[in-house]
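1. The following block contains a protein sequence and its predicted model.
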Amino acid sequence: MKKFTEELTNKEPNRELQSDEYFHDSDHLIYCAKCHTPRQGRYTLQGRVFMPPIRCKCQQELYEQEETKRKLLEKQAEIERMKASGLQDKALYDYTFDKDNGINPEMAYAHKYVENWEDMKANSSGLLLWGNVGTGKSFFAGCIANSLLEKGVPVLMTNFSRILNTLSGMHFEDRNQFIDSLNRYSLLIIDDLGIERNSEFALEQVFNVIDSRYRSKKPLIVTTNLTLEELNKPTDMAHSRIYDRILERCAPIRINNRNIRKDNASANLHEAKKILL
């Protein structure tokens with residue numbers, strides 16, 4: 001008690017004052033000259049008085065601003081790492097909703113899928129995007145991938161040709177571990193189902209990937225040039241096992257018949273002619 005009384009009657013600060021500080025006679029604490037709030041606290045523990053430095057109001061506000069900025073930078077860095085891992089083709093970085101030209105009316109479903117992602121995830125609900133070559137299926141899927149990645153959702157967008165190339169050089173146990181690793185992603189997108197070779201090995205691995213994803217109860221999005229009739233009526237049991245699992249979990253959406261790729265090529269050719277001629 002004696003030491004505490006001495007602290008209260010002490011007329012001098014217990015450290016050197018900074019240029020933006022002053023000593024307050026009423027409580028004998030150091031204050032900020034800008035916001036006029038204490039930069040010292042006073043605490044009593046087991047009869048001893050401690051006067052540690054604390055943040056004044058303006059220091060606390062600055063700290064919180066810097067923390068917010070730091071966390072934002074960390075989040076952006078994490079998103080970039082997730083994109084580097086999940087978007088295996090650099091061209092996919094440009095598949096974003098803000099680059100949609102409005103040609104494809106089915107893009108409304110892509111927006112709804114992202115907006116209702118938590119429900120889609122909880123219900124293991126995926127999509128089957130089918131239609132002719134060049135109609136925008138990959139762009140549709142890529143927009144979903146990029147939008148969810150921006151929200152911090154782990155997404156992998158790949159194709160079976162890439163997966164099969166990886167699996168072909170592995171031993172049996174390593175293959176299983178690799179396939180299991182695909183389920184670390186909250187959303188798996190397989191682009192261009194059906195373009196991979198139809199060897200016995202390839203079909204077995206395609207089934208293993210789809211079956212593993214099916215059993216994980218995590219959403220899957222598949223794009224394909226195959227028709228819905230070909231998917232519903234496969235010619236053999238190997239394909240039937242694959243397609244049945246996809247159709248059970250993935251709602252089919254037909255992407256319009258307009259060949260966007262051909263339209264883009266025509267537009268690019270027109271611009272090139274304008275420049276050259």
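-> Great, that's in hand.

2. quick one, strands of the stretch 151-277 of the chain?
-> Applying DSSP state E, counting those that start in this stretch to the stretch 151-277 of the chain gives strands spanning 155-159, 187-193, 220-224, 250-254.

3. Out of these, which one sits most buried?
-> Highest mean neighbour count among the strands of the stretch 151-277 of the chain (mean count of other C-beta atoms under 10 Å): strand 220-224, with a mean of 26. (C-beta placed from N, C-alpha, C; glycine too.)

4. Show me what it pairs with in its sheet, parallel or antiparallel.
-> strand 126-130 (parallel), strand 187-193 (parallel) (DSSP bridges).

5. From residue 33, how far off is residue 160?
-> Here the criterion is C-beta to C-beta, to the nearest Å. By it, residue 160 lies 68 Å from residue 33.

6. hang on, residue 205 packs against residue 175?
-> Yes. If you go by C-beta atoms under 8 Å, residue 205 and residue 175 touch, sitting 7.3 Å apart.

7. Of those two, which one has the most company?
-> For residue 205 versus residue 175, the count of surrounding residues by other C-beta atoms under 10 Å is larger for residue 205: 21 against 17.

8. If we ignore the residues flanking it in sequence, what's nearest the more buried one?
-> Nearest residue to residue 205 in three dimensions, chain neighbours excluded: residue 167, at 5.2 Å (C-beta to C-beta, 6 or more residues apart in numbering).

9. Contacts only, for that neighbour.
-> Counting by C-beta atoms under 8 Å, 6 or more residues apart in numbering, residue 167 makes contact with 175, 178, 179, 205.

10. Narrow these to those in helices?
-> Among the contacts of residue 167, the ones falling in helices (DSSP state H) are 175, 178, 179, 205.

11. Check the residues you listed and tell me the two furthest apart.
-> Pairwise distances across these peak at 9.8 Å for 178 and 205 (criterion: C-beta to C-beta).

12. residue ranges with poor pLDDT in the stretch 1-150 of the chain?
-> 1-11 (pLDDT under 70).

13. And the helices in it, which stretches?
-> For the stretch 1-150 of the chain, the helices defined by DSSP state H, counting those that start in this stretch occupy 2-9, 57-86, 107-115, 117-122, 137-150.

14. Give me whichever of those is most buried.
-> Per residue and on average, the most neighbours among these fall to helix 137-150, with a mean of 24 (mean count of other C-beta under 10 Å).

15. who touches that one?
-> 79, 82-83, 86-87, 92-93, 95-97, 100, 104, 106-107, 109-110, 113-114, 117, 127, 129-131, 155, 157, 186-187, 189, 191-192, 221, 223-224, 255, 260.

16. if we can go back for a sec, which among the ones in helices among the contacts of residue 167 gets closest to residue 37?
-> When the ones in helices among the contacts of residue 167 are compared for distance to residue 37 (C-beta to C-beta), residue 178 wins out at 57.5 Å.

17. any weak-confidence spans in the stretch 151-277 of the chain?
-> In the stretch 151-277 of the chain, residues with pLDDT under 70: 257-277.

18. and the closest residue in space to residue 23 that isn't next to it in sequence, backbone torsions?
-> Leaving aside its chain neighbours, residue 23 sits nearest to residue 13 (4.6 Å; criterion: C-beta to C-beta, 6+ apart). Torsion angles at residue 13 (phi, psi; degrees, to the nearest 10) stand at phi -70, psi 150.

19. which residues does residue 13 contact?
-> 23, 28, 30.

20. Just confirm the first one contacts residue 14, I think it does.
-> No. The pair residue 23 / residue 14 is not scored as a contact, 9.7 Å apart, by C-beta under 8 Å.

21. Those two: who's more crowded?
-> Counting neighbours by other C-beta under 10 Å for residue 23 and for residue 14 shows that residue 23 has the greater number, 16 against 12.

22. Contacts only, for the more buried one.
-> Residue 23 sits in contact with 12, 13, 17, 29, 30, 31, where contact means C-beta under 8 Å, 6+ apart.

23. Could you list the domains of the chain?
-> 2-59, 87-265 (automatic domain parsing).

24. okay if I get the ones you listed as TSV plus distance to residue 67?
-> Converted to TSV, those look like this (distance: least, C-beta to C-beta, whole Å):
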stretch	distance to residue 67
domain 2-59	12
domain 87-265	18
